[in-house]
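**Student:** After the sequence you'll find the predicted model.
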Amino acid sequence: MDQELDIPKSMKDTQTLEDLPGVGAATVDKLAAAGFGDLMAVAVATPGEIMDATGMTEAVAKKAIHAAREMLDMGFSSGIDIYEKRKNVLRITSGSKELDKLLNGGFETTGITETYGAYGSGKSQIGHALAVRAQLPPEKGGLGGIVVYIDTESTFRPERIIEIANGLKLDPDEVLRNIKVARAYNSDHQMLLAEKIEDLIKKDGLNVKLVIVDSLTSHFRAEYVGRGTLAGRQQKLNKHMHVLSKLADMYNLCVYVTNQVMAKPDMFFGDPTEAIGGHIVGHNSQTRIYLRKGKKGTRVAKLVDSPYLPDGECGFMITLNGVEDI
Ligand code: GTP
Ligand code: MG
């Protein structure tokens, strides 16, 4: 696969918080302590948040935010640039034609695809199926690539990979060798692992085409239970997802993340569950799929709020071979 991808200008910049007007080393420390660890965090902050964190005046805070936005090149792109970029999107097939069809051909590169759903709804099983199928050659629906699996709940099962690989007549040892698994022990570790993926690509020359984070939110959720404010958690999650999105964009790879749901206690009609992480996770996921159990052991996938695809629903099965049509 072609590694010589065009790296956007903003990614090559080595500008840091200290390059912002009115921000010195002491202010950088104050910003970092409040969760504004990089330019992106400042660029999307409100002046009030920056004032609270640093004690700056409003005028200085506004100037710093404006400068951060300029440095990150957060302006407009022309429609044609976006169109050209969309043409580079590649897709990994899941094993279920119906599920692929729902996603216009499969799980896309250049963005994050999130599944959320209750315990046992099939989120990790889809991850296992993709980890094998991403290694297939393009003519068979894969990307001939290496897979990175960030495992936060110790649910990665090599035996299951072997089973799926055998079903596809692939060499199971080879398939396992091409999956780089890292167990994340807490949310900071998880964030660090995501930041290190770029080294695997740039320094070790690995052709990473799929990054799986299973689960995206479990550590964040557990660590912030009972805390007064969720703002810190949301900021960290946002930062983590930015790292993943940038990877997807820069290296034309697919990021697949799983997410839990929580009960909405005040809900009497409609779906009583919602995804963890609120709008932060929703905004950063280009494609969101809600999974639930259907009749007779089937699973139902529902596409939620896709910017590119029509809403829709389909059924699939978890089988010996991974994920298949009903
Ligand atoms: P949580 O991580 O607990 O939130 O759930 P999840 O959505 O990740 O569920 P997961 O993908 O682990 O799905 C679990 C379900 O997949 C089980 O209840 C089984 O029905 C099915 N399953 C798991 N392993 C196998 C397997 O080896 N073969 C088959 N046929 N089905 C399996
Ligand atoms: Mg799971």
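**Tutor:** Sure thing, it's come through. Ligands and ions are numbered 1, 2, ... in the order given.
**Student:** For the closest residue to Gln234 other than its chain neighbours, which three-state class applies?
**Tutor:** Leaving aside its sequence neighbours, Gln234 sits nearest to Ile280 (CB to CB, 6 or more residues apart in numbering; 4.9 Å). Quick note: C-beta positions are derived from backbone N, CA and C, even for glycine. Following DSSP: H, G, I helix; E, B strand; the rest coil, Ile280 is assigned to helix.
**Student:** now the helices for the protein?
**Tutor:** Applying DSSP state H to the chain gives helices spanning 9-12, 25-33, 39-43, 47-54, 58-71, 79-87, 97-102, 123-133, 158-167, 172-177, 187-202, 218-223, 231-250, 278-284.
**Student:** quick one on the thing from earlier: how much space between the residue nearest to Gln234 and Tyr290?
**Tutor:** The spacing between Ile280 and Tyr290, counted by CB to CB, to the nearest Å, is 17 Å.
**Student:** ok, now Tyr308?
**Tutor:** Tyr308 is 17 Å from Tyr290, by CB to CB.
**Student:** go on, Pro21?
**Tutor:** 44 Å.
**Student:** Which one of these two is surrounded by more residues?
**Tutor:** Tyr290 (22 against 10; other CB atoms under 10 Å).
**Student:** picking that back up, and the helices of the chain: which comes nearest ligand 1?
**Tutor:** For the helices of the chain, the distance to ligand 1 is smallest for helix 123-133, at 3.3 Å, taking CB to the nearest ligand atom.
**Student:** That closest one relative to helix 158-167, how many degrees between them?
**Tutor:** With axes from the mean of the first three to the mean of the last three CA atoms, to 10 degrees applied, the angle from helix 123-133 to helix 158-167 works out at 50 degrees.
**Student:** Tell me how many other residues surround the residue lying closest to Glu114 once chain neighbours are set aside.
**Tutor:** Closest residue to Glu114 apart from its sequence neighbours, by CB to CB, 6+ apart: Ser285 at 3.8 Å. The burial count assigned to Ser285 is 27, neighbours taken as other CB under 10 Å.
**Student:** again with Ser218
**Tutor:** By other CB under 10 Å, neighbour count at Ser218 equals 19.
**Student:** is it true that it touches Gln260?
**Tutor:** Yes - counting by CB atoms under 8 Å, Gln260 is a contact partner of Ser218 at 6.7 Å.
**Student:** Any residue of stretch 273-289 touching ligand 1?
**Tutor:** No - using CB under 6 Å from any ligand atom, stretch 273-289 stays clear of ligand 1, coming no nearer than 10.7 Å.
**Student:** That stretch - what's its average pLDDT?
**Tutor:** Mean per-residue pLDDT for stretch 273-289: 86.
**Student:** picking that back up, of the helices of the chain, which stretch is the most buried?
**Tutor:** With neighbours taken as mean count of other CB atoms under 10 Å, the helices of the chain reach their highest mean count in helix 123-133, at a mean of 26.
**Student:** pLDDT on that one, on average?
**Tutor:** Mean per-residue pLDDT for helix 123-133: 98.
**Student:** elements contacting that helix?
**Tutor:** strand 112-117, strand 146-151, helix 158-167, strand 208-214, strand 254-259, strand 322-324 (3 or more CB pairs under 8 Å, 6 or more residues apart in numbering; DSSP states H and E).
**Student:** Do any residues in that helix lie close to ligand 2?
**Tutor:** Yes - using CB under 5 Å from the ion, we find that helix 123-133 touches ligand 2 at 123-124.
**Student:** if I pick the residue of the stretch 51-200 of the chain at minimum distance from ligand 2, what's in contact with it?
**Tutor:** Going by CB to the ion, ligand 2 is nearest to Ser124 of the stretch 51-200 of the chain, at 3.2 Å. When contacts are counted by CB atoms under 8 Å, 6 or more residues apart in numbering, Ser124 touches 155, 214, 258.
**Student:** ok, and which of the residues you listed reach ligand 2?
**Tutor:** Of the contacts of Ser124, the ones that also sit near ligand 2 (CB under 5 Å from the ion) are Thr155.
**Student:** Pull out the buried members of the contacts of Ser124.
**Tutor:** Neighbour counting with 16 or more other CB atoms under 10 Å marks 155, 214, 258 as buried within the contacts of Ser124.
**Student:** Could you export those residues as TSV, including pLDDT?
**Tutor:** Formatted as TSV, these follow (pLDDT from 0 to 100):
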residue	pLDDT
Thr155	96
Asp214	98
Thr258	97
